[in-house]
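K.L.:
Can you look at this prediction? I've put the sequence above it.
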Amino acid sequence: MKVSATRQKIIETATSLFYKNGYNLTGINEIIAEAGIAKATLYSHFKSKEDICIAYLKYKNDTFIIEIEKFCTTQKKGKAQLVAIFDFLLNFFQSNDFNGCWCIRTVAEIPSDNEYIRGEIQGQKKDFLKFIEKLTQDNFPEKSQDSVENLSKQIYLLYESAVAESHLHQDNWPIQTTKELLIQLI
């Protein structure tokens, strides 16, 4: 499905604002002003701020999955491809716009009963775990499915804690430490 240029501009504008300022602190009028569009134009593409949020989450996740997969799979087969998950995170941390995990930032701002946004975030986290499982299976085909699933969950938890703690401390030591833990694990 082709996305119109205007819709894409709204998504990219909202992505920048939501990720930088947060979901709750970004208003519809700010998105409209930054995108340089009319209110009617925004609402012809999105029914609500929640719908814009879902588009933002999908855009961030789609970009992330493509980039991390490309980064990891271009490394040497074996342990290096799993360790590359943390090298990718380190590169992300060192970029000018690192502001932690967009999913966790968003879920922290929504009411606990908002199943629409929470469901999208849970789906994205499950997809990331599946990516790790596939990467693990591809690089350790001799491991049983149970071993692959267990190791993948450990890698996932290491990654998620590294993202949160590096953002909190504004330092890369959590990424370096979790990378070292992964090397010991595998």
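P.N.:
All right, it came through fine.

K.L.:
Dihedrals phi and psi, residue 141?
P.N.:
In terms of degrees, to the nearest 10, the main-chain angles of residue 141 are phi -60, psi -20.

K.L.:
which residues touch residue 73?
P.N.:
Contacts here follow C-beta atoms under 8 Å, 6 or more residues apart in numbering; on that basis residue 73 touches 81, 135. Where you see a C-beta, it was placed from the backbone N, CA and C, and this is true even at glycine.

K.L.:
Please report how far it lies from residue 138.
P.N.:
To residue 138, residue 73 is 8 Å away according to C-beta to C-beta, to the nearest Å.

K.L.:
Give the intersection of the neighbour lists for these two.
P.N.:
By C-beta under 8 Å, 6+ apart, the residues touching both residue 73 and residue 138 are residue 81.

K.L.:
What's the separation between the spatially closest residue to residue 24 that is not a sequence neighbour and residue 178?
P.N.:
Setting aside the residues directly before and after it, residue 24 is nearest to residue 109 in space (C-beta to C-beta, 6 or more residues apart in numbering), at 4.7 Å. Per C-beta to C-beta, residue 109 is found 25 Å from residue 178.

K.L.:
repeat for residue 65
P.N.:
Distance of residue 65 to residue 178, computed by C-beta to C-beta: 20 Å.

K.L.:
can you check residue 104 too?
P.N.:
The value you get for residue 104 to residue 178, if C-beta to C-beta is used, is 16 Å.

K.L.:
Show me which of the two is the more surrounded one.
P.N.:
Neighbour count, other C-beta atoms under 10 Å: between residue 104 and residue 178, residue 178 has more, with 23 against 15.

K.L.:
List the contacts of that one.
P.N.:
With C-beta under 8 Å, 6+ apart, residue 178 has these contacts: 86, 158-159, 161-162.

K.L.:
what about residue 37, which SS state?
P.N.:
Three-state assignment for residue 37 (DSSP: H, G, I helix; E, B strand; the rest coil): coil.

K.L.:
close enough to count as contact, it and residue 10?
P.N.:
Yes. With contact defined as C-beta atoms under 8 Å, residue 37 reaches residue 10; the gap is 6.9 Å.

K.L.:
out of the two, which sits in the more crowded spot?
P.N.:
Using other C-beta under 10 Å as the criterion, residue 37 and residue 10 rank with residue 10 on top: 24 against 17.

K.L.:
Quick check, pLDDT for the residue nearest to residue 24.
P.N.:
pLDDT for residue 109: 95.
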